[in-house]
Structure formats: C-alpha cells, structure tokens
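**Student:** Sequence and computational prediction follow.
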Amino acid sequence: MIESRIKQTVRDVQDFPKPGIIFKDITPILKDPGLCMDITAALAKQLSNVAIDVVAGIESRGFLFGPSLAQLLNVPFIPIRKAGKLPYKTMQESYDLEYGSATIECHQDALLKGQRVLIHDDLLATGGTVVAASKLVMQMEATVAAYSFIISLDFLNGRKRLTPYGSEVFSLASY
C-alpha cells in the first residue's frame, strides 16, 4: 500500500543530473502531509525490532524525514553534512564519485562510543555516500544499527556495498 502510494507520487526526471540518468524526485511527496506522516510511520514500524540510539540523516534529503523519524523513535537526530557546513569541530570521511570526490562530516561530539546508529536517507542508489556515512559512524566508535530509505534502486546494487557495515537495510519502495 505505502509502496504504491510512493511510486504514484514520485516524479521521474529524465537526464538529471546528467544525460542518461532518470532522477527519482521525491519532492512531490512533500506536498501531501498525509503521505509524509504515513511514510514516517511506516519507516518507524519497519524499525520496531531494531535497537537504535540515534538517527543520522544524510544531507540533504535525509533531513526531510530523519528528524520526524527520530522523534517517533524517541531518539536524537544528528546531521551528516557536506564538508564545511557545520560550525563546530568535525570528523570527516571522503569518498569517490563517478565524476570526482566528496567529503561528508558530522560534529565530533555527535555520537558516543558504542551508540547504535540508524543511517537514514531518502534514496539508496550505488551506496557511495551511505558507505562514507557508515565509515564516519565507525570512526566515532559507534555502530551502524540499520539503514532506512524511502526508495531503493535495487538494480544499482547499493545494498551489497552496505553489507560490511550493517545487515539491516529497510526501504519502503524498490525499483
């Protein structure tokens, strides 16, 4: 039910951000408050048997549902941002993209040793950014409890790249 509602609402954008890519645009979901609430509730339900201490949302679309999900789970939310966007001392992790490299960061005091972290983003594609977020969590001596996504592009095999960091991968809609 939730999967079909998501798929009916998500917009395909041809040739974005470059030719040959079909971008899954979740912004139409944001125009439907009922669907937003149902997505957050469905994500929380999927995670009901997972011990989570913190939700970490990846910039920027992980910030759309991550804080609400953290509230439903009654745990803190921390942002994982692009380098240079956080005001305090940070820990960083760099990773390769098909067209270069990027760096993500979080505040050095965002996680405590041993905390179980849910890494959340809107979409799992190749998994590069999520792997970097996983390494960042591990760098801070915390553990990846699970991953949650609204959408998973299974044909890109991102799940396989996450296996060394955490086995629990949840999504609401798969392509």
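**Tutor:** In hand now; what should we look at?
**Student:** Surely Gln71 is within a helix?
**Tutor:** Yes. Using DSSP: H, G, I helix; E, B strand; the rest coil, the assignment for Gln71 is a helix.
**Student:** Find me the pLDDT at it, would you?
**Tutor:** Gln71 is assigned a pLDDT of 98 by the prediction.
**Student:** And the closest residue in space to it that isn't next to it in sequence, how close does it get to Val117?
**Tutor:** Computed as C-beta to C-beta, 6 or more residues apart in numbering, the closest residue to Gln71 that is not its neighbour in sequence is Phe77, at 7.9 Å. (C-beta placed from N, C-alpha, C; glycine too.) Distance, Phe77 to Val117, by C-beta to C-beta, to the nearest Å: 11 Å.
**Student:** quick one: the helices in this protein?
**Tutor:** 2-9, 33-46, 62-73, 128-139, 158-162 (DSSP state H).
**Student:** Save the ones you listed as TSV, and put in mean neighbour count too.
**Tutor:** Below are the helices of the chain laid out as TSV (neighbours: other C-beta atoms under 10 Å):
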stretch	mean neighbour count
helix 2-9	15
helix 33-46	16
helix 62-73	21
helix 128-139	22
helix 158-162	18
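**Student:** who wins for proximity to Tyr95 among these?
**Tutor:** The closest of the helices of the chain to Tyr95 is helix 128-139. By C-beta to C-beta, the value is 3.9 Å.
**Student:** Remind me what the closest one packs against, helices and strands.
**Tutor:** On a contact count with 3 or more C-beta pairs under 8 Å, 6 or more residues apart in numbering; DSSP states H and E, helix 128-139 meets strand 54-58, strand 90-97, strand 100-107, strand 116-124, strand 143-152, helix 158-162.
**Student:** Ala70 touches Pro76, doesn't it?
**Tutor:** Yes. Using C-beta atoms under 8 Å, Ala70 makes contact with Pro76 at a distance of 6.3 Å.
**Student:** got any residues that touch both of the two?
**Tutor:** By C-beta atoms under 8 Å, 6 or more residues apart in numbering, Ala70 and Pro76 have these common neighbours: Val54, Val55.
**Student:** Contact partners for the residue nearest to the spatial centre of the chain?
**Tutor:** The centre of the chain sits closest to Asp121, judged by C-alpha atoms, centre = their mean, with a distance of 1.8 Å. By C-beta under 8 Å, 6+ apart, the residues touching Asp121 are Gly57, Ile58, Arg61, Gly62, Thr129, Val130, Phe149.
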